[in-house]
Structures are given as C-alpha cells and as structure tokens.
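> could you work out the structure for the sequence below:
(2 chains)
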Amino acid sequence: MASAGGYTQDLPPQGGYGPIDWAKRIPKRLNGYAVFGGFIAVTAASWTIFIHRRRIEKRHELEVNDARIAVFPLYEAERHRMLLRLHRQNRDEERELMKNVPGWELGTFYGEPVYHNLRDRFHHVTLEELYAHSKWYDMYTKAFEKLEH
Amino acid sequence: MIQHLISTIITYLLILLGVAFFTLLERKALGYFQIRKGPNKLGIMGIPQPLADALKLFTKEWVTPNFSNYFPFILTPTIMLILALSMWQLFPSFMLTSQMTLGMFLFLCISSLTVYTTLMAGWTSNSKYALLGAIRAMAQTISYEVTMTLIIMFYLFLTMEMDIVSVRMTNSPIWTITLFFPLSVMWLAVILAETNRAPFDFAEGESELVSGFNIEYGGAGFAFLFMAEYSNILMMSLMTSCLLTSTLIMSIPVAIIFLWARGSLPRYRYDLLMAMAWKSFLPFSLATLIALTPLLFYF
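Modelled structure (predicted):
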C-alpha cells in the first residue's frame, strides 16, 4: 500500500529521546557582600549628589528671596497708586451720579462719612464699596487674586 | 472659579475612565498569569468590557438587607467614592489651577478617613461576615498608616515643604528612591497593605469571609466601592511615583506591581501581618527617620 505523498510517521528522533531533565535547578545566588557593597555605593553616591544639588538650590532660593525683598517697595507703591486712582474715579462718578440730590455731600452718606473714621482719618472701605462703580468681574479678579496666581 | 470647576470635572471623568480600564488590565493580566485568556469576546479584543460591566452593575436592582441600617448603608459607597475622588485634587501636575500648600497633609487626612467608610460598610450591613471583614481591614489599615506616615515624613524632611509639586521637584537632582532603597521596598509593601490588596487582602478574605466588608452590596453600591478601591490603588501608585521618582509615568509600573503581587503571591497570615507592621516596619522606619534626617542638617 503506497503512502500518500511522502507521508512519514511521527517517530522519536534518531537515537531516541534524550534523558529526562529532572534535576532541581537552583538559581545562582548573588554574592551578599557584592549586593551590600553595591547598596552602600549607590546610597553614598546619591546622598552626595542630593546634598550638593540641595545646597545650590538653597542659594538660588536665597537670591530669589533677596530679589523679592528688593522689589517689594516698588510693588507696594504701584498698589497704592492703583488704589488712589480707583478712589479718584469713584469720587468723580459719585459727583456725576449724585449731582441732582439736594444736600448730598461727597464722600458721605447723608452726613455720615464713608471714607473716614471718627477721628477723621482715612480707613479702607470694603471691596464692594471700592469697586461700586467698576465692572463686577474687576472686583472678583481682585478678590481671587491670590487664588488665581 | 470656573477653571477649577472644569479642571476638577475633567479630572474626575478621566479618573473614572482610568479606573474602568485598569480593571480590564487587571483581568487581562490575571488571565495571562494563570495561562488563560481573560475577557476577549466583547467588541474588539474585549476592550469595551469594563463599560459593559458598569452598565450591568448600574442597571441591577438595588437590594438592601432587611436588618441593615438603611441610610448609612446606602450612604457608605457614596462617601467612599467621594473620598477616593477628592484625593485626585492633589494631582501633582506642573500646570495646576490651584496650589495646595499642605497637599501631603490633605493626602494623609483623606487616606485616614477611608478607614471609617470601611467600618461603616461593615457595621451597617448587620452581617457577621461584613463586620468581621471590616474590623480586620480597619485594624490593618490603621497599623500600616503609622508606617506610611513615617515613610512620608522621611521624604518630607528632604523637601521641607508639604506641597506635593515641591515634593515631586525634590526628585529632580536625583531620584530619592536611591537615597535609601530598603525604605522604598517597605513603602511598596505598605501601600499594598494600605489599599487592602493581595497578598494583604484580609478585608476580602473570600476563603473565610465570603467577600468581606462589601458582602451585602450589589449593583451600583458595589460598583462604587469597587471604583473607590481602584481609584485608591491608582492614587497610591501616583503618590509612589511622586515621592520616589520625578516622573509620573513611573506610576504605571507601580500599578502593574499591584497586579503582579495579586497574581503571584498567596495571602499572608493575619497575625504575621500585624507583627510585621508593629515589630519590623515601625521600628525600621522610625530608625531610618532618626538616623538619616540629621544628615540634612549637618551638611
């Protein structure tokens, strides 16, 4: 009986199968001293780099802080200037708005001073009062200034 | 304000999506760990599987046990999810709408509060399995929280700030994982225990407690608990990448370590777990803190 198209039976390889690999394979243990030495080396190196970089960063921080202190008076002056301009705008607005009210005195509410205390000295008004004649979102920008930045 | 709202909503949506596909990754990974295929039928290669799961869970009937304390029982999953999501406010991106000066402190506070929700879930179910699971989970989480706080304190000493972006920036000269490697390994074990994950999943303990503290929850409640748990896992891996390495991409290998540990380690023994927390982790982390932080003040 002719076999179909060079069919060969599935047989073991020539000379039979190799011996069964039954031995337990224990993975190679690392040398403990090497591991410990490597750990010490890595730790020492990283502490050195870390502390070195940390010193440099502290110096940068100090410099930035000094710059901030130097600029602070200018910044404060600008803020005061803005406040004064706002007050002036408010005054002009109020004069325009209340010109037809009889007996209206600027900066007072029917005789009660708004911008001065009992000793007749200036005191800050609330944000709503300060931004009464401005756009509402100007006030919100101011109020959340700290949050936005 | 609008910016905060939009960024928060986008963050939460993306986290929920991330959680969904992390569960898919876990099922796939566990499948290949056990030489089988995991979900591969739905859609293309089983990718929309988590969406189908969520749909199934949310359309199921809401069943409450007769003797449960009804209101806290239904409130618990919600609180758990809210706590888990609110931690994502701390995402340490460099393009934040707001900066939290005490970010690490907030992280510690919220992760401590998570214990109470576990206890609530166990107690309000009025079921013995749930109560036992909750008590076990609570004791474990509280014990490991001590060590977690001490390890975080070590890395905060390096930063001297509690803002999470600053903590991340501390890693820029050199990854702080190299500063004391054993501490990092311990941190890995601690976050596994802290999130009640295998091999420390005594809150689940299905061989003794059927399903642990969430046994009475089904449908949407179970989905919420599940999402909270996985969100916590992702948060912990993010925290790891933020504390130990400077890049957030390193949170992905850490998240995969969670799956690897679940796929290859048998459950630990409870008394050994507690002994490890109090007798080896706590003294070790304390000693590290005392021995190494003075280095920062001498140099």
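> tell me, how many residues neighbour residue A:125?
By other C-beta atoms under 10 Å in any protein chain shown, 14 other residues sit near residue A:125. All C-beta atoms are positioned from the backbone trio N, CA, C, and that covers glycine.
> and if you look at residue A:119?
Residue A:119 has 6 nearby residues by other C-beta under 10 Å.
> tell me the pLDDT at it?
You'll see residue A:119 listed with a pLDDT of 89.
> just residue A:5 next, same as before
67.
> elements contacting the helix or strand where residue A:60 lies?
Taking DSSP states H and E as the definition, residue A:60 sits inside helix A:32-97. Contacts defined by 3 or more C-beta pairs under 8 Å, 6 or more residues apart in numbering or on different chains; DSSP states H and E place helix A:32-97 against helix A:127-130, helix B:181-194, helix B:294-298.
> go again with 10 Å.
Here helix A:32-97 touches helix A:127-130, helix A:136-143, helix B:181-194, helix B:294-298, going by 3 or more C-beta pairs under 10 Å, 6 or more residues apart in numbering or on different chains; DSSP states H and E.
> if I read this right, residue B:161 contacts residue B:169, doesn't it?
Yes - judged on C-beta atoms under 10 Å, residue B:161 makes contact with residue B:169 at a distance of 9.1 Å.
> report the contact partners of the residue lying closest to residue B:191 once chain neighbours are set aside.
Leaving aside its chain neighbours, residue B:191 sits nearest to residue B:236 (4.4 Å; criterion: C-beta to C-beta, 6 or more residues apart in numbering or on different chains). If you count contacts by C-beta atoms under 10 Å, 6 or more residues apart in numbering or on different chains, residue B:236 has them with B:87, B:107, B:111, B:148, B:187-188, B:190-192, B:194-195, B:197, B:251, B:254-255, B:258.
> how many residues are close by the residue of chain A found nearest chain B?
Of all residues in chain A, residue A:53 sits closest to chain B, at 3.3 Å by C-beta to the nearest C-beta. By the criterion of other C-beta under 10 Å, residue A:53 has 14 neighbours.
> what does the helix or strand in which residue B:272 is found rub up against?
Using DSSP H and E, residue B:272 sits within helix B:270-275. With contact meaning C-beta under 10 Å, 6+ apart, helix B:270-275 is reached by B:136, B:139-140, B:143-144, B:193, B:199-200, B:202, B:205, B:208, B:267, B:269, B:281.
> then stretch B:290-299?
With C-beta under 10 Å, 6+ apart as the criterion, stretch B:290-299 contacts A:43, A:47-48, A:50-52, A:54-55, B:153-154, B:156-158, B:160, B:179-180, B:183.
> go on, stretch A:43-56?
Taking C-beta under 10 Å, 6+ apart as the rule, stretch A:43-56 contacts B:158, B:160, B:170-182, B:292, B:295-296, B:298-299.
> just give me how far the helix holding residue A:60 sits from the chain centre.
Chain-centre distance of helix A:32-97: 12 Å, with C-alpha atoms, centre = their mean, to the nearest Å.
> next helix or strand past it?
Next along from helix A:32-97, by DSSP H and E: strand A:108-109.
> who does that following strand pair up with?
Partner strands and pairing direction for strand A:108-109 (DSSP bridges) are strand A:112-113 (antiparallel).
> list the contacts of the strand it pairs with.
A:105, A:107, A:120, A:123.
> hmm, back to that, need phi/psi at the residue nearest to residue B:191.
When read as degrees, to the nearest 10, the backbone of residue B:236 gives phi -60, psi -40.
> now the residue of the stretch 151-299 of chain B found nearest chain A. Nearest residue, chain neighbours left out?
Closest to chain A within the stretch 151-299 of chain B is residue B:173: 3.3 Å, counting by C-beta to the nearest C-beta. Of all residues not flanking residue B:173 in the chain, residue A:53 sits nearest, at 3.3 Å (C-beta to C-beta, 6+ apart).
> how near is residue B:298 to residue A:42?
21 Å (C-beta to C-beta, to the nearest Å).
> and those two? Which one has more around it.
residue A:42 (13 against 6).
> residues touching residue 39, list them.
Here I'm looking at chain A. Residue A:39 touches B:178, B:180, B:181, B:182, counting by C-beta under 10 Å, 6+ apart.
> nope, chain B please
B:23-24, B:27-28, B:31, B:45-50, B:52-53.
> closest one to residue B:229 out of these, please.
Of all the contacts of residue B:39, residue B:23 has the smallest distance to residue B:229: 9.8 Å, by C-beta to C-beta.
> output the below-cut-off pLDDT ranges for the stretch 101-250 of chain B.
B:205, B:207 (pLDDT under 70).
> redo that, cut-off 80
The stretch 101-250 of chain B contains residues with pLDDT under 80 at B:202-212.
> do you have the helices of it handy? List them.
B:103-124, B:128-159, B:164-169, B:181-194, B:206-209, B:219-244 (DSSP state H, counting those that start in this stretch).
> now the first one: buried residues?
Taking 16 or more other C-beta atoms under 10 Å in any protein chain shown as the neighbour-count basis, helix B:103-124 is seen to contain the buried residues B:103-104, B:106-108, B:110-111, B:114-115, B:117-124.
> again, but for the fifth one
Within helix B:206-209, the residues that qualify as buried by neighbour count (16+ other C-beta under 10 Å) are residue B:209.
> so which elements touch that helix?
helix B:128-159.
> quick one: name the residues of chain B near chain A.
Residues of chain B lying near chain A by C-beta under 10 Å from any C-beta of the partner chain: B:1, B:3-4, B:97-99, B:158, B:160, B:169-182, B:292, B:295-296, B:298-299.
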